[in-house]
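Student: please work out how this folds:
(chains A and B)
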Amino acid sequence: MPSSLVTGNSLLAIDVGAAGTRAVLFDVIEGEYRFVASGAAPSTAEAPFKDVAEGVRNAVTNLQTVLGKNLLDDARGLITPSQPNGSGVDAVVVTLSAGPTIKTIVVGLLKDVSLESARRLAETTYTRIMDTIGLSDMRKPDQQIDSILRIRPELVVIAGGTDGGASRSIQKLLEPIGLASFLLPEEKRPAVLFAGNEKMKGEVTTLVGALASALHFSPNIRPSLDTEDIDPAEGELARMYVNIRKRQIKGVDLLDLWSGGHVLPTAYATGRMVRFLSKVYGSQKGILNVDLGASAATIAAGFRNKSVLKVYPQFGLGENLAGLLNHTTLENILRWSSLDISSGVLLDYLHQKALYPAAISATREDLVVSQAVSREALHLAMQSARRDFPQNIATIKPTLTPLFEPILAGGGALSDASRPGQSLLLLLDSIQPVGITTIILDQNNLLPLLGAAAAQNNILPVQVLESGAFLSVGTVVSPVTSAKYGTAILRAKLTYDNGTEARVDLKFGSIESLPLANGEAAKLTVQCLHGADVGFGPGRGGVIPVSGGALGVVFDGRGRPLDLPSDPVRRRELIKKWNWTLGGG
Amino acid sequence: MQAPVHHVIGLTTIVRERVLPVAGKVLVRLQQKVGLGDIVAETRWAREHAMLDVARMLGISANTADRLIKCKVNDRLAAGTEIAVGKGLFPRTVRVPREGRVVAVGGGQVLMEVGETKLELRAGIPGTVIEIIPDRGVVIQTAGGLAQGMWGNGRIDTGLLINLTDGPDSVLTAGRLDVSLRGSIILAGMVKDAETLQVAAELPVRGLILSSIYPSLLQKAREMRYPIIATDGFGPLAMNSVAYKLLSTNAKREVTVNAEVFDRYTGARPEVIIPLPISADPPAPRDVDTFAPGSQVRMRRPPHMGMIGSIVSIKPGLSTLPSGLRARAAEVKLENDETALVPLVNLEVVG
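Tutor: A predicted model of the protein is given here:
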């Protein structure tokens, strides 16, 4: 088994998603870590396989084909460490998001204090909060017990009590949890995380320790009324997630063995990487990563003193897709469509796609429906995540998306780099960035894998990030303004390194772009009209250096918040025009 | 590449596990022949609990209350049974509000299971018990035709299969349902309105086998007491030709519709089972196959959703689809003689 990533050169990173499994090889080339190649295969957590290791072996086999060397032996076991003949790898890390959403109950004292913190903690991994038990819960204890027995939760997250504070009230809340666990068959008992008053560890152990499938403690997430500290508990919850999956899904224990215990929830690994990036590259603006896949929509944002990780299985594009309508309407989804699609077709799509999350759009119409759904899902995820962003962050307007630099995007629905314009417009519509920001596509979905590797080897992620494994789509300028359609809102001049210039006059309601190739830099001079604000203040311009990308410098003059025309014909024409401008077809 | 398999088979060995949701008593023996209506296991199940806070009701400490509580775990108590009496000149008493069983005593409290009901597990398919799962249920083996579906309303029943379709894309309307169909399982094509489901319930029928169901009807379909299965999915979809041929040629036979809810993790699928007499056990169905030229496949996504075809060739590398996406794909000859390029992830082997 690999023991250290620092002493090893090659690293096999495996991502087991709800729909697909990927095996990615990083190795040292000319003295620096590089992304070498990847192989993919359908995930096999579901029947008939019910064993994630099968899909992993298939993905590694496909990677072997690309590499032209063996990573698996004749018995399909992993060859480790790497051999003199070039076969094998030195180390393995794994990220995991496959499996059913974890049924969770959150318990806390006050609705707006510890219960809210417990909810935020539960939302850092692939959970679905099925019930909430707090002091203001008017149900009798036996009704709470019946509810727990009906739900059969896999996880209970308990918060409450400042350190050294309330204990009697928490004891009272623990009673129904302990009794319900006692009544459940042993194999169905939930894992319990206690993240409350640290003085209560002994009592919690007495009340639920023997009745939970596992009892974990983390530092208090609400040590005082006005302080919340979720980060340490996030790590504990990530470990519990992997343990729950080990009980639920065959093969996870084998991956744990291969990786020497380096299995992480994909979202947690992403969050770790964003936190790392915000420390290394952080500016006044935050760093944002969005990931839209079959298992969940994940938003990870890093700010100067705080990071936020939000995992929304309810907005994932897989088995939960039909439930998207619990959060939005067919009309809201169809407003993003460039074609005249009936609500019946969309409804059938949502149900059919939920049956086969791995299936892809073969026709143009199906792709348009799929992208409309993706837009709405990511938009909802972003709206939900914004509620938990810290107060004192850089914004142009507090009600809009905060200022980010850069914005990274990954996941099956976003990372297709064959037409970056389509991905960019999807991001502009759903995230609605403001000001000036760089958009980067994680075309190989490497970010979580780098996050998994980072704890063991902090050189690898930095070197891979700087090696061009990510695709820069370009710099996006999104003025915040409201004006009549067609009114000039911004003038910009791009001065290239060779002294030549390109100019654009941006009108409200339009999207424009100026070419600036990947790897090139230029100076962007912006003059704002009619009070438009790109981060320099209303109506104020400025000069900033910008870097290039697949689409150069893109100017999104559609205003914030984006207000699409209510007339469907005109709206669809505009969406087609915007798509065409960005080369999305 | 490994291929998922959608089972539509004329004759195969079918093995199904039937288990109680909670521990109970298994009523059959190994190798016993069972009919589909036979009860194979039973249990008593209480869905509700009653918590009696004796200490609070008597106004005493938990420790004192524990000494006064007269019942113990597993006692079955009738409604009104006295379980604790306080002290003093006019002692208060605590009585059980409903009939039930004591499940926990301690901390000055008594927790009871109440509202117990008897739960009987039926065989669901006629066959032979080949395994006993202690305290939980059985594994039953039978032989016959098998057609899996995509959606089921969670019910199970058996009856004579009556074909009301004119073809795989038929639509069943309320007007086609009359009293002569009472107690039958109906091969029905698409259903577009709730009225048809309701009229079928009023006859009543013992099951509906649909090609597809409109998502707007799902809630109504879940409320129906008879099993409803959709073989191909949602919206206006014709029944795939292999399933249609199997089901329509077995009309007038006894069939079981097990409209189990699709569960991707356990592999539970709604299905129609057509028990058939055999002289030797036919082969069991394959759960996994490999995409190869000649494989019979079913399309999972537009433009040919639900259609059956045959793989002509697997394309090397990645192919560009009409949507612009790139994926591993196969050239498939469809049953209408057209040829289509279909991504492998949009295919499943039928067999």
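Student: can we go C-alpha only for contacts and neighbour counts from here?
Tutor: Fine.
Student: which parts of the stretch 351-500 of chain A sit against chain B?
Tutor: A:351-352, A:355-356, A:358-367, A:418 (CA under 8 Å from any CA of the partner chain).
Student: show me those that map onto helices.
Tutor: Under the assignment DSSP state H, these contribute A:His351, A:Gln352, A:Leu355, A:Arg364, A:Glu365, A:Asp366, A:Leu367 to helices.
Student: how close does the most far-flung residue of chain B relative to its centre sit to chain A?
Tutor: No residue in chain B has its C-alpha farther from the mean C-alpha position than B:Leu89, which lies at 59.8 Å (CA atoms, centre = their mean). Computed with CA to the nearest CA, to the nearest Å, the distance linking B:Leu89 and chain A is 31 Å.
Student: next secondary structure element downstream of the strand or helix carrying A:Ile407?
Tutor: Under the criterion DSSP states H and E, the helix or strand holding A:Ile407 is strand A:404-410. Tracing the chain past strand A:404-410, the next element assigned as helix or strand by DSSP H and E is helix A:420-431.
Student: re earlier: among the ones in helices among the residues of the stretch 351-500 of chain A next to chain B, which ones are buried?
Tutor: Using 16 or more other CA atoms under 10 Å in any protein chain shown as the burial test, these include A:His351, A:Gln352, A:Leu355, A:Arg364, A:Glu365, A:Asp366, A:Leu367 as buried.
Student: who's in contact with the last one?
Tutor: With contacts defined as CA atoms under 8 Å, 6 or more residues apart in numbering or on different chains, the neighbours of A:Leu367 are A:Ser361, B:Ser323.
Student: could you check how far it is from A:Val473?
Tutor: When CA to CA, to the nearest Å is applied, the distance between A:Leu367 and A:Val473 equals 21 Å.
Student: before we move on, what about A:Gly584?
Tutor: Relative to A:Val473, and taking CA to CA, A:Gly584 is found at 12 Å.
Student: give me the common contacts of those two.
Tutor: Counting by CA under 8 Å, 6+ apart, the residues touching both A:Gly584 and A:Val473 are A:Pro420.
Student: who's more crowded, these two?
Tutor: A:Val473 (26 against 17; other CA atoms under 10 Å in any protein chain shown).
Student: now the helix or strand encompassing that one, how far from the chain's geometric center?
Tutor: According to DSSP H and E, A:Val473 maps onto strand A:471-478. Centroid displacement of strand A:471-478 relative to its chain, using CA atoms, centre = their mean, to the nearest Å, is 19 Å.
Student: avg pLDDT for the helix or strand following that strand?
Tutor: Counting by DSSP H and E, the next helix or strand C-terminal to strand A:471-478 is strand A:488-496. The pLDDT scores in strand A:488-496 average 97.
Student: quick one: buried residues of stretch A:154-173?
Tutor: Taking 16+ other CA under 10 Å as the neighbour-count basis, stretch A:154-173 is seen to contain the buried residues A:154-163, A:166-167, A:170, A:173.
Student: and the strands in the stretch 251-400 of chain A?
Tutor: In the stretch 251-400 of chain A, the segments counted as strands under DSSP state E, counting those that start in this stretch are A:263-265, A:286-292, A:297-302, A:307-312.
Student: show me what the third one is packed against.
Tutor: In other words, strand A:297-302. In this structure, strand A:297-302 packs against helix A:266-281, strand A:286-292, strand A:307-312, helix A:364-386, with contacts taken as 3 or more CA pairs under 8 Å, 6 or more residues apart in numbering or on different chains; DSSP states H and E.
Student: I'd like the ones you listed laid out as TSV, including mean pLDDT.
Tutor: Converted to TSV, the helices and strands packed on strand A:297-302 look like this (pLDDT from 0 to 100):
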stretch	mean pLDDT
helix A:266-281	92
strand A:286-292	96
strand A:307-312	97
helix A:364-386	97
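Student: now do the SS call for A:Val24.
Tutor: strand (DSSP: H, G, I helix; E, B strand; the rest coil).
Student: what is the neighbour count of the closest residue to it other than its chain neighbours?
Tutor: Ranked by CA to CA, 6 or more residues apart in numbering or on different chains and with sequence neighbours excluded, the top spatial neighbour of A:Val24 is A:Ser38, at 4.2 Å. By the measure other CA under 10 Å, the count of residues near A:Ser38 is 23.
Student: isn't B:Arg16 up against B:Val139?
Tutor: Yes - distance between B:Arg16 and B:Val139: 5.6 Å, which falls inside the contact criterion (CA atoms under 8 Å).
Student: ok, back up a step: so in that sheet, which strands flank the strand holding A:Ile407, and in what orientation?
Tutor: According to DSSP bridges, strand A:404-410 forms sheet pairs with strand A:286-292 (parallel), strand A:435-441 (parallel).
Student: buried deepest among those, which one?
Tutor: Using mean count of other CA atoms under 10 Å in any protein chain shown, the stretch among those with the largest mean neighbour count is strand A:286-292, at a mean of 26.
Student: how's chain A carved up into domains?
Tutor: Here chain A is described, according to automatic domain parsing, as comprising the domains A:11-98+A:252-261, A:102-235, A:267-312+A:404-581.
Student: distance to B:Tyr226 for these - can I get that in JSON lines?
Tutor: Putting the domains of chain A into JSON lines (distance: least, CA to CA, whole Å) gives the following:
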{"stretch": "domain A:11-98+A:252-261", "distance to B:Tyr226": "27"}
{"stretch": "domain A:102-235", "distance to B:Tyr226": "24"}
{"stretch": "domain A:267-312+A:404-581", "distance to B:Tyr226": "33"}
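Student: what's the closest of the ones in helices among the residues of the stretch 351-500 of chain A next to chain B to chain B?
Tutor: Chain B has its nearest neighbour among those in A:Arg364, at 4.3 Å by CA to the nearest CA.
Student: report the contact partners of the residue of the stretch 101-250 of chain A found nearest chain B.
Tutor: Using CA to the nearest CA, the closest approach of the stretch 101-250 of chain A to chain B is made by A:Asp142 at 5.3 Å. With contact taken as CA under 8 Å, 6+ apart, A:Asp142 is in contact with A:Pro176, B:Glu48, B:His49, B:Ala50, B:Met51.
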